Structures are given as C-alpha cells and as structure tokens.
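Undergrad: Sequence first, then the predicted structure, then my questions.
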Amino acid sequence: MTYTIIDLFAGAGGLTTGFHLAGFQSLCAIEIDKKAIATYKYNYPSTKILQQDILQVNPSDLRLALGLTQEKLTVLVGGPPCQGFSRNIPASDRYFNDSRNQLYQTFLAFVQEFRPVYVVMENVPEILNAYKGIIKNEITEKLESFGYKVTSSILNAAYYGIPQTRSRAFFLASLNRKLDIPKPTHQGDIRSDYRATLSSKQLNLFESNLSPIVTVKDAIGDLPSLKDGQEYTHQNYPDSPQNLYQTIIRHESTKIVNHIARALTPIQKARVSALKEGEDARDLPPELAPKKHYSGAYGRLSWNKPARTMTRWLFHPGSGRFFHPEQNRTITIREAARLHSYPDTFHFLGTYTNMASQIGESVPPLLAKVIAQSILLDYH
C-alpha cells in the first residue's frame, strides 16, 4: 500500500523528509520561496512542485489535477507562516487581523477540499494561547466541523531524539479516532546553558526505559575540523560513525556536503577566541562584550547538551548560541542540519544565509518521522 502526503508551505522539506523516512510518498509541495523550493526539488525530483503563492492555488483544481478523490490522500501536512504569533515579534506589533495570522485558514480550506485521512499542522507554541486561545479554538472547531477528531500539543524535539531544544505546536487530526500525542522517547537535562544543573530530585523523575537525550557531540563530533571561511571539499568521512545518532543520520550517505563555515569579522573572531565551551557574551571581557545582546548570544555550544533552537539567524553569532564548542567559528550548514536531524543525504542549495533560513524555518525531520510513525500505527 502507498501512503501519500501533500506538503503545504513546504519550505526546503523538513516535514516531507520526516514522512519520507517513515515510508510516505510526497505527491505535491507548495512553497512561494524559490530558493527553498530549489532545495526541495533537488531532494525530491519526482514530487509535483508549485512554486507560487498558495493564495493563488485553487484547492479543487489541484485535487482534480492530482487525480485524487476525497479521502484518498493519507496525510495533508504543513506549517503556515507564523510571524504574527511569534514571541520574536514585539507584542506591540502583534494583532489578530495581521495577514500573517490568516494563512492557517488557507490550510484549512485545503483540508476541506481534499479530506485527507489525517492532518498535521505545525506552528510556533504561541499559537495555542494567542489572543486568549481564539486561534486554537477556531482551528479545532473548524476541523471538527469537517468530521475530524483533533488533538493539539507542544512537542520539544529534544525529547524525541533530536539534539536541539526546539518546541513547536502540532495539531493532529484524524477521520478515524483521536490520535494520541507521541510519547517522549528520550530524557535528560535539555537546558543548553553550562551553568544549569539538575537537582537530585529532578534526576529521580526520569524513567529508566527512555534513551538519554542526544547531545551536540553525538550529532556533530565526527565531522572534520574547519577554520572560519573554509569549506570541506574532500567530502569523504574521515571516521566511522561513533554512535547510533551518527549511524542513523549517515544512512546511505557516501559523502559530506554543505560542510561550510562562514567567514567571521575581526571582532567576531576575537570574541569566539576568548570563549570556552558553553560560554557566551556574559563571559566576554569588557573590551569585547557587546553593549546589548540576546540571551546566549555569541555563545559556544556545549558538547554534552543539546543545542538551542536552530533559527534562520544561525549564521550570525550575535543571534544565539551558534559558535562551535571548540573550533573558532560558527557551526557549518551541515552541522546545523545534523542538529536539526536532516540526514546527510539531504543537500541544501543557495547561499549560506539561504541555507541557514531553510534549516531554521523547517520542522526537524526526525520529529516529523515520529509523528508519521504514530499515524501509520493508527492507520493499521
């Protein structure tokens, strides 16, 4: 049996990749960003791709063009743009009728037309309580009016085997029975600051049957050393996988690509050279410390902790904890992809900043895979 998805607001293909790893076939992807869709097309050349504004796509025309009857599609997935909800936007700039808040309604229009057996919609955690829960309630009630059983929750990627503390909201809907939220598979201290430690009481809360969280070292410890501004051109792997995560992420990959370190400015070089593993702007000497900075800015990653959220700004050390734990540079595109759980077979196209955006704006593939597997279990 063939299990199929359509990916709306597809970006570079984080959701598609996770579902693909679980055995799904991608029939169609819609994305307005031509640079992101170039990456998608490179990795999924057989998928029908619409590089256009989704507001200009007629759901009925698309369903007919794909030859799908209602309830034939297995899953409709997507992450409508979320700037209007994001806490990264000042509260004074957030308002209910912001056009950036309305694209979830377009997503729902596609659900109504295609009537897939399952629906997966991803967004920032704030969508569940934005405007006193109005958005969450509207999405839930609309899906229920279409005949779906709906559940929603916030999932932290670190608890599902991804070396990153990214939290996102998911709406899961089914025409059959209400889906359970996937249970965590990993546990441990996910706080990225080296100053933070768990108390013995907190440690005792852990369950013995769960795997330990995946760390930065687990994810990128096998990748070759680079200097800032350098690209790894040999492509071969210098060593065998050192752990299960590396074995999974390297599956069927024969070479290292996108291992590119961005060149640093003189002040950025001076700052990273002054920091030890896990340290950040708070640890810089006065003459190097920025006057203002974000939490974790100019921070080195800690080897034995997961990374913080990979954002589209991961190329800029002043935007977060994006310095390598030991080497005097920011993380490479491949390292960021590893921390986001993209397999090494996935190639990114574009400039360094293009590729950083493609990673930071996507769903971690292994988190999408967990959701896809839960759908398969329910389907059977």
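TA: Yep, it's here. Worth saying up front: this structure is predicted, and the values here are computed from it rather than measured.

Undergrad: Tell me how many other residues crowd the closest residue to Tyr237 other than its chain neighbours.
TA: Residue nearest to Tyr237 in three dimensions, not counting chain neighbours: Ile256, with 6.3 Å by C-beta to C-beta, 6 or more residues apart in numbering. C-betas here are computed from N, CA, C, even on glycine. Using other C-beta atoms under 10 Å, Ile256 has 20 other residues around it.

Undergrad: Quick check: the gap between Ile256 and Gly278.
TA: 26 Å (C-beta to C-beta, to the nearest Å).

Undergrad: now Thr309
TA: Separation of Thr309 from Gly278 (C-beta to C-beta) stands at 17 Å.

Undergrad: ok, now Leu66?
TA: As judged by C-beta to C-beta, Leu66 and Gly278 stand 49 Å apart.

Undergrad: Strands of this structure, start to end?
TA: 4-8, 25-30, 48-50, 75-78, 118-123, 149-156, 167-174, 186-187, 211-212 (DSSP state E).

Undergrad: what about the residue nearest to Gln230 when sequence neighbours are not counted, how many residues close to it?
TA: Spatial nearest neighbour of Gln230, chain neighbours left out: Ala261 (5.4 Å); criterion: C-beta to C-beta, 6+ apart. Residues lying near Ala261 (other C-beta under 10 Å) number 24.

Undergrad: Could you report the pLDDT at Ala261?
TA: With respect to pLDDT, Ala261 scores 94.

Undergrad: quick one: it and Arg329 touch, right?
TA: Yes. Look at Ala261 against Arg329 with C-beta atoms under 8 Å: they come within range, at 4.6 Å.

Undergrad: Give the intersection of the neighbour lists for the two.
TA: Listed as contacting both Ala261 and Arg329 by C-beta atoms under 8 Å, 6 or more residues apart in numbering are Leu226, Lys227, Asp228.

Undergrad: And the closest residue to the first one other than its chain neighbours, its phi and psi?
TA: Excluding its sequence neighbours, the residue lying closest to Leu226 (C-beta to C-beta, 6+ apart) is Ala261, at 4.6 Å. The phi and psi torsions at Ala261 (degrees, to the nearest 10) take the values phi -100, psi 130.

Undergrad: Next one: Ala261 from His316, what distance?
TA: Counting by C-beta to C-beta - Ala261 and His316 are separated by 14 Å.

Undergrad: so what sits against both of these two?
TA: In contact with both Ala261 and His316: Thr330, using C-beta under 8 Å, 6+ apart.

Undergrad: Off-centre distance for the helix ranked longest in the chain?
TA: If you go by DSSP state H, the chain has its longest helix at helix 365-379. Relative to the centre of its chain, helix 365-379 is centred 15 Å away, using C-alpha atoms, centre = their mean, to the nearest Å.

Undergrad: So which elements touch that helix?
TA: Judged by 3 or more C-beta pairs under 8 Å, 6 or more residues apart in numbering; DSSP states H and E, the packing partners of helix 365-379 are helix 14-21, strand 75-78, strand 118-123, strand 167-174.

Undergrad: Compare the ones you listed and give me the one nearest Arg271.
TA: strand 167-174 (28.0 Å; C-beta to C-beta).

Undergrad: Name the residues of that closest one that are buried.
TA: Using 16 or more other C-beta atoms under 10 Å as the test for burial, strand 167-174 gives Arg168, Ala169, Phe170, Phe171, Leu172, Ala173, Ser174.

Undergrad: what's the answer for stretch 221-229, then?
TA: Going by neighbour count (16+ other C-beta under 10 Å), the buried part of stretch 221-229 is Gly221, Asp222, Leu223, Pro224, Leu226, Asp228.

Undergrad: and the two most separated of those?
TA: The distance between the two most remote of the buried residues of stretch 221-229 (C-beta to C-beta) is 20.2 Å, for Asp222 and Asp228.

Undergrad: circling back: quick check: the residue nearest to Tyr237 vs Asp239, distance?
TA: 11 Å.

Undergrad: what about the helices in the stretch 101-250 of the chain?
TA: 103-114, 134-145, 200-203, 216-220, 244-249 (DSSP state H, counting those that start in this stretch).

Undergrad: cool, and the stretch 251-380 of the chain?
TA: Using DSSP H, counting those that start in this stretch, helices in the stretch 251-380 of the chain cover 266-274, 333-339, 352-360, 365-379.

Undergrad: out of the ones you listed, deepest packed?
TA: Of all these, helix 333-339 has the most neighbours on average by mean count of other C-beta atoms under 10 Å, namely a mean of 27.

Undergrad: what does it rub up against?
TA: By C-beta under 8 Å, 6+ apart, helix 333-339 touches 162-164, 216, 219-220, 223, 232, 249, 256-260, 306-307, 310, 314, 324, 331, 344, 346, 348, 352, 355-356, 359-360.

Undergrad: Please pick the buried ones from those.
TA: 162-164, 216, 219-220, 223, 232, 249, 256-260, 306-307, 310, 314, 324, 331, 344, 346, 348, 352, 355-356, 359-360.

Undergrad: quick one on the thing from earlier: and of the helices and strands packed on helix 365-379, who's closest to Thr106?
TA: Per C-beta to C-beta, nearest to Thr106 of the helices and strands packed on helix 365-379: strand 75-78, 9.4 Å.

Undergrad: any residues touching that closest one, and which ones?
TA: Contacts of strand 75-78 with the rest of the structure, by C-beta under 8 Å, 6+ apart, involve 3-10, 15-16, 19, 24, 107, 110-111, 114, 116-122, 368, 372, 375.
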